[in-house]
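[1] only geometry, no sequence info:
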């Protein structure tokens, strides 16, 4: 019986030891079994970069990755090449034709800014230890714009809430020249170009819903959050968005009396809030007036 117990103890100890080795593989420096990449995607920030066409990737490699490359191609081009060469063949194509990512060598984390992306693209990142390869893909659509009409963006001169400054008082500007542009790949996506300065736009998304007022028929639109170059005290950067995004309730902008709309001549009324991390600074009606 004593011999049996000792034998059983040794067997269990061996099993625990083996399992422990398996769990630690890849967690201690130099013990990774194969190349591993983890890729995070971040928005590029104006004015240094153009968020419409630039993207920031954070690439984390394990100790087995000796070198890594990235390649940007139209999604359809990549699909055709993968169908022709296979997944492994495409990874080799990225290694041979892609851009080497500086700073990736062994366990490392590197940020890469990729600029000037046009259209629906696949960004493929390949890491290798010389014998094995690992691949990751990020999809990014670079936007192109066409001018619709030049005009003037007018900041609200009256705040909707008592005791707050108007948008023009808050920003210190009454109006700004701008160009209303439409996205070439999305007919419902517009923007007021450089309305807060170079690289700082306001985007609007037209809805399939119309209304009528004294100015005639208009089409509702949403105003997603856009960063401005302005700051407010210790609260940091000021952003602008419609009330629905601010309140987290879409009904505000279609049935709540805080709607934004575009008329047939492309003139617009824009009900927006100017916000910081702590909340809203002001809200009211901005407008866009096309040049005659």
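    Structure's in. What do you need? Bear in mind that the values here come from a model prediction, so they are computed numbers and not experimental data.
[2] Return the distance of stretch 35-44 from the chain's centre.
    How far stretch 35-44 lies from its chain's middle: 13 Å, per CA atoms, centre = their mean, to the nearest Å.
[3] How much space separates the residue at minimal distance from the centre of the chain from residue 250?
    By CA atoms, centre = their mean, the mean C-alpha position of the chain lies nearest to residue 43, the distance being 4.0 Å. Note on residue 43: its distance to residue 250, by CB to CB, to the nearest Å, is 23 Å. C-beta here means a position set from N, CA and C on the backbone, and glycine is covered the same way.
[4] go on, residue 260?
    Distance from residue 260 to residue 250, by CB to CB: 13 Å.
[5] okay, those two: which has more neighbours?
    When residue 260 and residue 250 are compared for neighbours, residue 260 comes out ahead with 25 against 15, by other CB atoms under 10 Å.
[6] got a pLDDT number for residue 52?
    What the model reports for residue 52 is a pLDDT of 94.
[7] Excluding chain neighbours, give the residue nearest to it in space.
    Excluding its sequence neighbours, the residue lying closest to residue 52 (CB to CB, 6 or more residues apart in numbering) is residue 143, at 4.2 Å.
[8] And for that neighbour, the neighbour number?
    Applying other CB under 10 Å, we find 19 residues neighbouring residue 143.
[9] what does residue 96 give?
    For residue 96, the count of nearby residues is 9 (other CB under 10 Å).
[10] so it is in which element?
    Assigned by DSSP states H and E, residue 96 falls within helix 75-97.
[11] Show me what that helix is packed up against.
    Under the contact definition 3 or more CB pairs under 8 Å, 6 or more residues apart in numbering; DSSP states H and E, helix 75-97 sits against strand 67-74, strand 119-128, strand 133-142.
[12] Parallel or antiparallel, which strands does the shortest one pair with?
    Same thing as strand 67-74. Strand pairing for strand 67-74, determined by DSSP bridges: strand 99-100 (antiparallel), strand 119-128 (antiparallel).
[13] List the buried residues of that strand.
    67, 68, 69, 70, 71, 72, 73 (16 or more other CB atoms under 10 Å).
[14] any residues touching that strand, and which ones?
    Strand 67-74 is contacted from outside by 37, 57, 59, 61, 81, 93-95, 97-101, 104-105, 112, 114, 117, 119-128, using CB atoms under 8 Å, 6 or more residues apart in numbering.
[15] ok and that strand relative to helix 75-97, angle-wise?
    150 degrees (axes from the mean of the first three to the mean of the last three CA atoms, to 10 degrees).
[16] tell me the angle strand 67-74 makes with strand 133-142.
    Relative orientation of strand 67-74 and strand 133-142, computed by the same axes, to 10 degrees: 40 degrees.
[17] cool, and the second one?
    Angle, strand 119-128 to strand 133-142, by the same axes, to 10 degrees: 160 degrees.
[18] Pull out the buried residues from strand 119-128.
    Neighbour-count burial for strand 119-128, with 16+ other CB under 10 Å as criterion, is recorded at 121, 122, 123, 124, 125, 126, 127, 128.
[19] ok, the third one touching residue 55?
    Yes: assessed by CB atoms under 8 Å, residue 123 is found in contact with residue 55 at 7.4 Å.
[20] Overlap in contacts, those two.
    114, 117, 138, 140.
[21] if I read this right, the second one contacts residue 56, doesn't it?
    No: look at residue 117 against residue 56 with CB under 8 Å: they stay out of range, at 11.8 Å.
[22] in the stretch 151-292 of the chain, which spans are helices?
    167-171, 243-247 (DSSP state H, counting those that start in this stretch).
[23] contact partners of the last one?
    What it means is helix 243-247. Contact with helix 243-247 is made by 222-225, 250-253, 256, 258, 271-273, 275, 280, 283, as judged by CB under 8 Å, 6+ apart.
[24] make it 10 Å
    Applying CB atoms under 10 Å, 6 or more residues apart in numbering, the contact partners of helix 243-247 are 160, 222-225, 239-241, 249-254, 256-260, 271-275, 279-280, 283.
[25] Let me know the closest of the buried residues of strand 119-128 to residue 190.
    Within these, proximity to residue 190 (CB to CB) peaks at residue 121, which comes in at 22.4 Å.
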